[in-house]
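S.K.: Could you work out the structure for the sequence below:
(one chain, ligands or ions: 1)
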Amino acid sequence: MAKVTPILMKMGGSVVTYREKPLAANVKAIEGVARSIAAFGHPVVIIHGGGSFGHYYAEMFGVSTTPKIISPEAASKIHAAMLQLNLIITDILAKCGVPSYTVPPIELIDGEDVTESGRSILADLLKLRISPITFGDVLPSKRGFFILSGDVITRALAEALRPSRVVFSIDVDGIYPVGSQLENMILELDSKVDLKLAPGKGADVTGGMALKIQESFKIAKHGIDVFFVNGLKPERVLKALKGQRVYGTRIRGTKSGG
Ligand code: IPE
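M.R.: This next block holds a predicted model:
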């Protein structure tokens, strides 16, 4: 079987859930993204965020990206909420014609990078034409539990799989500079620019918009284009998956030295 070059897609927690409503999945939005992936018709590696599932409990129990000793009950609740959200998403994906296979991050990532066995699992799934799906999660370490953001996982997967492009679906149209008006959305961003970023709606334990942009700059430095599009507008998601001109922010991939 030939090697498959996938597209990576992060489904933001603010797209797949209602951020302000604990444990509420945005079924309509998930369906929209799922239909776009189905219409795209090529392998997509999917990463989803925590939204009002993972973040709800992470905030409740005071867990962040720095390892900390929390109760086993707390860790279990956060992880279970992510599994629950994952099941809702994979169910909708299947109904929309996108068969997927969940690989929890603990099976893929060590530190902040994809393991050898993770690479091999992903390569096999892609060759078998099933979409691998993973998610931000609470993970154990020698120093306690910590939250690994789906944005960091997306960057790690991009470095391991070298996809044709990476799409971040978010709940706004694109990236905005600090203090700017909505009409000032940035259409194209250079990964060499030192940008002051708008914190975005609902800062969370994994760093909200700033982390997404930081990780996407790292991706772009490998020569991979990154698109930020409104995940609540399925036609934009489809265009971004296809690499077509779309209303959103594009971070153009720049090869090192270029
Ligand atoms: C967070 O993942 C996962 C948990 C809180 C357990 P993300 O950081 O990728 O989530 P979103 O996309 O910001 O909601």
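S.K.: which residue ranges form the helices in the stretch 51-200 of the chain?
M.R.: For the stretch 51-200 of the chain, applying DSSP state H, counting those that start in this stretch gives helices covering 51-60, 72-95, 116-127, 150-161.
S.K.: ok, residue 90 - contacts?
M.R.: Residues in contact with residue 90 (Cβ atoms under 8 Å, 6 or more residues apart in numbering) are 100, 102, 133. Just so you know, the C-beta spots here come from the backbone N, C-alpha and C atoms, and that holds for glycine as well.
S.K.: please redo it, this time with the cut-off set to 10 Å
M.R.: Counting by Cβ atoms under 10 Å, 6 or more residues apart in numbering, residue 90 touches 30, 34, 46, 48, 98-102, 131, 133.
S.K.: hmm, back to that, distance to residue 144 and mean pLDDT added to the helices of the stretch 51-200 of the chain, as a markdown table?
M.R.: Below are the helices of the stretch 51-200 of the chain laid out as a markdown table (distance: least, Cβ to Cβ, whole Å; pLDDT from 0 to 100):
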| stretch | distance to residue 144 | mean pLDDT |
| --- | --- | --- |
| helix 51-60 | 13 | 97 |
| helix 72-95 | 9 | 98 |
| helix 116-127 | 23 | 97 |
| helix 150-161 | 18 | 98 |
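S.K.: now those helices in CSV, with distance to residue 211?
M.R.: Shown next, in CSV, are the helices of the stretch 51-200 of the chain (distance: least, Cβ to Cβ, whole Å):
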stretch, distance to residue 211
helix 51-60, 13
helix 72-95, 17
helix 116-127, 21
helix 150-161, 5
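S.K.: Make CSV from the ones you listed and add distance to the ligand to it.
M.R.: Listed next are those as CSV, based on distance: least, Cβ to the nearest ligand atom, whole Å:
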stretch, distance to the ligand
helix 51-60, 3
helix 72-95, 5
helix 116-127, 17
helix 150-161, 3
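S.K.: now the lowest-mean-pLDDT helix or strand in the chain: how far from the chain's centre is it?
M.R.: None of the helices or strands of the chain scores lower by mean pLDDT, DSSP states H and E than strand 188-190, at a mean of 86. Remark: strand 188-190 is offset 20 Å from the chain centroid, using Cα atoms, centre = their mean, to the nearest Å.
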